[in-house]
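> my questions concern the predicted model and sequence given below.
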Amino acid sequence: MLGDYSLTIVILMAIWVVVTLGLNIITGYAGQFNLGIGIYMGTGAYTTAMLTTEAGWSFWAALPTALAAAMLMGVITGLPALRVREDFLATLTIGMVFVFESLLIYLPWFGGPVGIAKIPPPRLFDTPVGRYGYLFLALAAALAAVLFARALNRSWLGLAWESIREDELATDVIGIRPPRFKLYAFALGGAYAGLGGVLYAHFIRYITPYDFGFVPSIYILAMAVFGGLGTIRGAVFGAAFLTALPELFRFVQEYRNFIYGSLLVLMMLYQPQGLLGKDSLLWRAVHGRRPRGLAAPAA
Amino acid sequence: MTTTIVLLQQILNALTVGSIYAMIAIGLAMIYGILRVLHIAHAGMYAVGAYLGLLLYVHTRSFALALTGAMVLTGILGGLIERIVYRPMLTRPRIVALIASIGLYICLSDLLRIVAGPHEHAFDVGITATYRLLGLTIAGVDFVILGGTSAIFVLLWLFLQRTRMGFAIRAVAQDPEAARTMGIDVDRTVQLVFFVGSAIAAFGGVMVGILYNAVYPTMGDTVSYKGLALIVIGGFGSLVGSAVAALALGIGETLIMTYTQVPLSREGIAMLMLIILILVRPQGLLGRD
Amino acid sequence: MLSVRGLTKRFGGLTAIDGVDLDVARGEIVGVIGPNGAGKTTFFNLLTAIFPPTSGEIRLDGERLDGGRPADVARRGIGRTFQIVRPFGELTVLQNVLAGIGARYCAALWSLFGRYGRADHVAAARQLLTLTDLAGYESEVARNLPLGLLRRLEIARALGGSPLVMLLDESFSGLSYREIAAQSALVRRLREQGMTIVLIEHNMQVAMRLCDRIAVLDRGVKIAEGPPATIQNDPTVVAAYLGHDAACD
């Protein structure tokens, strides 16, 4: 049916969709600039890698543990983030992801710069899940991620996040405590990215600290921003498109950084709300000038 | 006795590195001070400056010409970037400029790779003299760097404090609207700041290229995000603070790396200091933001 | 209802508010006026715990109010608008009001995940929109609205929390004649429904016509208090305003 190569691309697309949705929660919904989403993806990936290789755990047991670890990391990094805003916050997150990457390289327990290899595939009824099995797993995870994100968007939690993003003081004054909700955003966004990390680790089966540092974090930011920050459709489209692009066009792979970089600059100049973001040219063309209301929530 | 010599030698080396950081930091601080933009692409100016210096040297065989040419050309590039990329973004939320700056930097360093190849180029201008002073070895290059950076500091200080353009820059950094009503051309002034800052960055790039005899596309990486740490540590927009922070960072890094076993790279150390400082004193060492 | 005793706030060397006492009875409309820089907005900021007082106490229905965070004050029943409007720009009018209602659902973990678009929530929000005459605008994105509508939106949003006391900070500034009349009618409607209102106003006519009582602040100190007629003719009040104006020349 699907060739091996296409299979790989689709699985990777699903993985990056999940991670980007996580960043979308923290930065898109709650408005907390986070340039280090790699921290949570890496926490998820390394937790599951270490548990399944050294401690012999099964994938299914390691999964919830890795998610919890990523969530915890979200809260830990979220706490200092409570004290600062905007530029300072962005800089703080850059600093944190650098330190994270550095610690992974230099602390011996994490396998050093060579990382962790031979991560086992998930097993179902004692047989390793095959390529198609993994495809199903990844797509199921991505679907669940999208549905849960939609539920969050429509919930009081989502509304609180968006209020905080728009005006923190006004949100405080109507009775919603911003610090608590920011931490929720970091925790849930971290969990999402951690899930992506777990899926990544058991698919590629070899992880290094460089997979979760500043540069990958910026790639994910690029995906979110390109598609449209603050929207689910933007995160999904951005992640899928920018994952598939280098695979579909060899030359993009060659000039990847140049293209991503230029893309970011051009997007920020002409469509900072993203290609499919609220009020973008494309989205308005597709939907007509219908104003956003409860009838058409941002999804 | 020898350990002191070793320590002093380390400090000397650190001072050289530190003064380069200070070059970068000052440019970054000036730009932040006047435009409130974290100009990460500044590191791109540093790398481009190194390549231009090398190119000019290869064609003219004159160190002086190569250095000045690189500084001027990079300065012009910096001014263009301000005009084309940042100026249209002034009305947008600040994150937009930050993302654009990161994208710009990634784009620039890859462009260097595409044009000149991913490998290192040698940059040897024949300053091979070394001197011995009190048991310390000082390379001729160190002299040039320390001398050059000191000269630039002094010139910059005089420029900012004693000239009309310098006054304009300080005025715009304080209050752009008020400056405008005084008849200062704010746009032109901002562009000038980018020119000067980028030129200084190019100086840093060329000197580092010569110091380590290596020019390569990702040479900006070390200074880019470290540069961020420097503006924060120094105090967003504070020139003196950033310079002091840079020197301190250079020395601190070298000493920590030589004498302790911290599980962090040089970047990691700088970033850790950055994190601690943002949390403890968000306005930096000398800043007022 | 609301009782303030000896409220003082110092910022470094500057004393912004100095020993202010104020009592507001249930259902009253009290005005706070004074020349620029008198500390009126600082007063509101203290009431809503945006920063803590240097000394003094604030009581709502006898219970201490100070020492908490703005969100705590809001939950106890104080709503407020801002001198410079602070709407949730990217959200629709309806969403802005729903956010105001949302605080009580955001308090508990289990209700946090409930859909805010549920019929009963929307109905409650629509009621507030009708009360503030914003019914036709519910799908408009807030940042597209003119100032007059935004001021009403802020009120509607604050009402979402079912406050006992509303603090209106210069909510008449920048409005046209017609809008001022509509806004005054709104304030009176609120009082009819049992709301206690404290308003800061620069517009003398509005303050005189709407308020039962007026307190006058000058340089952080309350220099006069009483019914509008008394205040209008009080020489200290007139001097405070004229003095300031003269000084500004």
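Sure thing, it's come through.

> OK, contacts around residue 227?
No chain was given, so I picked chain A. With contact set as CB atoms under 8 Å, 6 or more residues apart in numbering or on different chains, A:Gly227 has these partners: A:20, A:233-239, A:241, A:274-277. C-beta coordinates here come from the backbone N, C-alpha and C atoms, glycine included.

> nope, chain C please
C:Asp212, C:Arg213, C:Ile214.

> model confidence score at it, please.
Listed pLDDT for C:Pro227 reads 91.

> kindly report the same for A:Ala185.
With respect to pLDDT, A:Ala185 scores 97.

> hang on, it in a strand?
No - assignment of A:Ala185 by DSSP: H, G, I helix; E, B strand; the rest coil gives helix, placing it outside any strand.

> B:Gln10 - how many residues pack around it?
Number of residues near B:Gln10 (other CB atoms under 10 Å in any protein chain shown) recorded here: 16.

> so how far is B:Thr68 from it?
Look at B:Gln10 and B:Thr68: by CB to CB, to the nearest Å, they are 32 Å apart.

> show me where the chain has its helices.
Going with chain A. Using DSSP state H, the helices of chain A run over A:4-23, A:38-53, A:59-81, A:86-106, A:131-153, A:156-166, A:168-173, A:178-204, A:214-227, A:232-248, A:250-254, A:256-270, A:281-287.

> my question was about chain C
C:40-47, C:70-76, C:93-106, C:119-131, C:147-159, C:177-192, C:204-210, C:228-233, C:235-248.

> show residues contacting the longest one.
By CB under 8 Å, 6+ apart, the residues outside helix C:177-192 that reach it are C:27, C:29, C:131-133, C:148, C:151-152, C:155, C:159, C:166, C:168, C:171-172, C:175, C:197, C:199, C:203, C:206, C:209-210.

> and the angle for it with helix C:119-131?
Using axes from the mean of the first three to the mean of the last three CA atoms, to 10 degrees, the inter-axis angle of helix C:177-192 relative to helix C:119-131 is 120 degrees.

> I'd assumed B:Gly209 was in contact with B:Gly53.
Yes - proximity of B:Gly53 to B:Gly209 meets the contact threshold set by CB atoms under 8 Å, at 6.4 Å.

> list the residues that contact both of those two?
Here B:Gly53 and B:Gly209 have B:Phe123 as joint contacts, going by CB under 8 Å, 6+ apart.

> residues from chain A in reach of chain B?
Counting by CB under 8 Å from any CB of the partner chain, the residues of chain A lying close to chain B are A:33, A:35, A:80, A:83-84, A:86-88, A:90-92, A:94-96, A:98-99, A:101-103, A:105-107, A:214, A:218, A:221-222, A:225, A:255-258, A:260-265, A:268-269, A:272.

> any weak-confidence spans in the chain?
The chain I'm using is chain A. Within chain A, the segments meeting pLDDT under 70 span A:1-2, A:288-299.

> chain B is the one I meant
Ranges of chain B meeting pLDDT under 70: B:1, B:128, B:135, B:233-237, B:281-289.

> do a quick rundown of the helices in it.
In chain B, the helices defined using DSSP H lie at B:2-35, B:42-60, B:63-81, B:94-116, B:140-162, B:164-174, B:176-181, B:186-211, B:220-234, B:239-259, B:266-280.

> buried stuff in the fifth one?
When neighbours are counted by 16 or more other CB atoms under 10 Å in any protein chain shown, the buried residues of helix B:140-162 are found to be B:Val141, B:Asp142, B:Val144, B:Ile145, B:Leu146, B:Gly148, B:Thr149, B:Ile152, B:Phe153, B:Leu156, B:Leu160.

> what's the distance between A:Lys278 and chain B?
14 Å (CB to the nearest CB, to the nearest Å).

> circling back: closest one to chain C among the helices of chain B?
Each of the helices of chain B was scored for nearness to chain C using CB to the nearest CB, and the closest is helix B:94-116 (14.2 Å).

> could you name the helices and strands sitting against that closest one?
Packing contacts for helix B:94-116, counted by 3 or more CB pairs under 8 Å, 6 or more residues apart in numbering or on different chains; DSSP states H and E, involve helix A:86-106, helix A:214-227, helix A:256-270, helix B:42-60, helix B:220-234.

> wait, isn't B:Ile269 in contact with B:Ile256?
Yes - between B:Ile269 and B:Ile256 there is a contact under CB under 8 Å: 5.7 Å.

> who's more crowded, these two?
More crowded of B:Ile269 and B:Ile256, by other CB under 10 Å: B:Ile269, with 22 against 15.

> residues contacting that one?
Per CB under 8 Å, 6+ apart, neighbours of B:Ile269: B:Gly252, B:Glu253, B:Ile256, B:Met257, B:Val262.

> compare the residues you listed and tell me which is most surrounded.
So for the contacts of B:Ile269 (other CB under 10 Å), the most neighbours sit at B:Glu253, 21 neighbours.

> for it, which non-adjacent residue is spatially closest?
Distances taken as CB to CB, 6 or more residues apart in numbering or on different chains place B:Arg266 nearest to B:Glu253, at 5.2 Å, with adjacent residues excluded.

> ok, now C:Phe51?
C:Asn45 (6.1 Å).

> need the residues that contact stretch A:109-117.
For stretch A:109-117, the external contacting residues (CB under 8 Å, 6+ apart) are A:46, A:49-50, A:53, A:103-106, A:205-211.

> make a ChimeraX selection of the buried ones in these.
Per 16+ other CB under 10 Å, the buried members of those correspond to this ChimeraX selection:
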select /A:46,49,50,53,103,104,105,106,207,208,209,210,211
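
> for the contacts of stretch A:109-117, work out which two are farthest apart.
A:Tyr106 and A:Arg205 (23.5 Å; CB to CB).

> alpha carbons of stretch A:95-110, as PDB, please.
Provided in PDB are the C-alpha atoms of stretch A:95-110 (Å, rounded to 0.1, in the frame of the first residue of the first chain):
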ATOM      1  CA  GLY A  95      18.700  29.900  28.100                       C
ATOM      2  CA  MET A  96      16.800  26.900  29.600                       C
ATOM      3  CA  VAL A  97      16.900  24.900  26.400                       C
ATOM      4  CA  PHE A  98      20.600  25.500  26.000                       C
ATOM      5  CA  VAL A  99      21.200  24.400  29.600                       C
ATOM      6  CA  PHE A 100      19.000  21.300  29.000                       C
ATOM      7  CA  GLU A 101      20.900  20.300  25.900                       C
ATOM      8  CA  SER A 102      24.200  20.900  27.700                       C
ATOM      9  CA  LEU A 103      23.200  18.800  30.600                       C
ATOM     10  CA  LEU A 104      22.100  16.000  28.400                       C
ATOM     11  CA  ILE A 105      25.500  16.100  26.700                       C
ATOM     12  CA  TYR A 106      27.700  16.300  29.800                       C
ATOM     13  CA  LEU A 107      25.900  14.300  32.400                       C
ATOM     14  CA  PRO A 108      27.000  10.700  32.100                       C
ATOM     15  CA  TRP A 109      23.600   9.100  32.900                       C
ATOM     16  CA  PHE A 110      22.100  10.300  29.700                       C
END
